[in-house]
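> with the sequence up front, the predicted model follows.
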Amino acid sequence: MTRLFKADLHIHTCLSPCAQLEMTPRAIVRQAKLKGLDIIGISDHNSAENVVVTKKIGEKEGLVVIGGMEVTSREEVHILAFFADDEQLLKFQDIVYDNLTTGTNCTEVFGEQVVVNEIDEIIGFNQRLLIDATGLSINELVDKIHSFEGIAVASHIDREGFGIIGQLGFIPPDSGLDGFEISSKITLEEAKDRFHGRNSFITGSDAHNLLDIGKSFTQFLLELPTLKEIELALKGQGGRFLVDK
Amino acid sequence: MELQEIASRLNLEIKSAAGSLTNQVTGGYASDLLSDVIAHAQKGDVWITLQMHQNIVAVATLKELAGVILVNGRQPEEDTLQKAIHENVSILVSNLSTFELAGRLYQLGIKNDPVV
């Protein structure tokens, strides 16, 4: 039997240079539960090093956490990548790291990139220039994501900066993308009107601080809160749907 | 000025051309946001960009641009090249940066009518 699940799939942890230090996995899980969310997605810029810890905390606290990453393509388009399997996600991360420049993060300009453990202790700092673009084209990224059994969603397509339409003028035909995220600035109805012919829309908060978590979320009609079911809902298959708020 | 004259004077590598090298270049536009090019480039402009994605061909066709010049020696992606050949869009490659290339074009007398 299907039921409604509230999901905010676009949340940055303190690993993202632009996110607040308060975005620790424990704090994120606590806040997501307070907001009544059933599912959250962890999507840091070009890295997934806080995913496994957040999933562990989510498991203890009864919140479904989906591991992912917000990866930047060569065209400077942001793509959300989600994986059911952590090993696959980490293999994908290796490819992303291989295709990032050798530059190191400048903390004064971009902020710290903090890796933490289950009790919010800092266990390391990622030194890579995570804010940078990878050398992989959108097509290459989508292919890689699919080869690791992940799903690829274009981030905030209504935003000019780092959105696929702002960067590339329009959504390339045969992009292979599984879904399209709209920001909280437009409604689902407006999105259907503006980006006609498409209906695989999700919306997420793109939270960089605790207060923003759940500010925008997607309602899925699913049997189980899994990535596989979300994929079905994006396709509108098997009685799984995206539900307009 | 014809595109082929610009190509020879600025030492551009011709990646796809066919019948469009005789296009008259009546102005120029430099931008890497394709949405911005759609909004602001003018018919007959030569477009300077670092984007190599196949969407540049569609934008060049849509806006009836004289041609596209990729900077910093960037090569078009394979499907971009195929599309450019199919659509008869000239893609040329320069080893210069956007700034330097725009300057050279200006020196050749390629400029837009100032918007009043």
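Right, received. Where do you want to start?
> which parts of chain B are strands?
B:13-16, B:27-30, B:45-49, B:67-70, B:91-93 (DSSP state E).
> scratch that, chain A
Going by DSSP E, chain A shows strands at A:3-11, A:39-45, A:64-72, A:78-83, A:114-116, A:122-125, A:150-154, A:179-182, A:201-203, A:218-222, A:241-243.
> tell me which residue in chain B sits closest to chain A.
Closest approach between chain B and chain A, counting by C-beta to the nearest C-beta: residue B:34, at 3.2 Å. Using the backbone N, CA and C atoms, a C-beta is placed for each residue, glycine as well.
> does that residue really touch residue A:168, like I thought?
Yes: the criterion here is C-beta atoms under 8 Å, and residue B:34 meets it with residue A:168 at 5.0 Å.
> now do the shared contacts for those two.
Counting by C-beta atoms under 8 Å, 6 or more residues apart in numbering or on different chains, the residues touching both residue B:34 and residue A:168 are B:51, B:55.
> tell me which parts of chain B are close to chain A?
B:32-35, B:37-38, B:51-55, B:58-59, B:77, B:79 (C-beta under 8 Å from any C-beta of the partner chain).
> what's near enough to touch the residue nearest in space to the middle of chain A?
For chain A, the residue sitting closest to the mean C-alpha position, by C-alpha atoms, centre = their mean, is residue A:43 at 3.7 Å. Contacts of residue A:43 were listed using C-beta under 8 Å, 6+ apart, and they are A:9-12, A:68-70, A:80, A:82.
> need the winner for burial among the strands of chain B.
For these, the largest average neighbour count (mean count of other C-beta atoms under 10 Å in any protein chain shown) is found in strand B:67-70, namely a mean of 26.
> can you report how many residues neighbour residue 52?
You didn't pick a chain, so chain A it is. 16 (other C-beta atoms under 10 Å in any protein chain shown).
> was after chain B, sorry
21.
> same check on the one 10 residues further on?
One way to gauge burial is a neighbour count; for residue B:62, by other C-beta under 10 Å, it gives 14.
> quick check: closest non-adjacent residue to it.
residue B:38 (6.8 Å; C-beta to C-beta, 6 or more residues apart in numbering or on different chains).
> other SSEs contacting the lowest-mean-pLDDT helix or strand in chain A?
Within chain A, no helix or strand scores below strand A:241-243, which has a mean of 77 by mean pLDDT, DSSP states H and E. Secondary-structure packing of strand A:241-243 (3 or more C-beta pairs under 8 Å, 6 or more residues apart in numbering or on different chains; DSSP states H and E): strand A:218-222, helix A:227-235.
> per-residue pLDDT, the residue nearest the centre of chain B?
Closest residue to the average C-alpha location of chain B: residue B:68 at 1.9 Å, with C-alpha atoms, centre = their mean. pLDDT, the model's per-residue confidence, is 98 for residue B:68.
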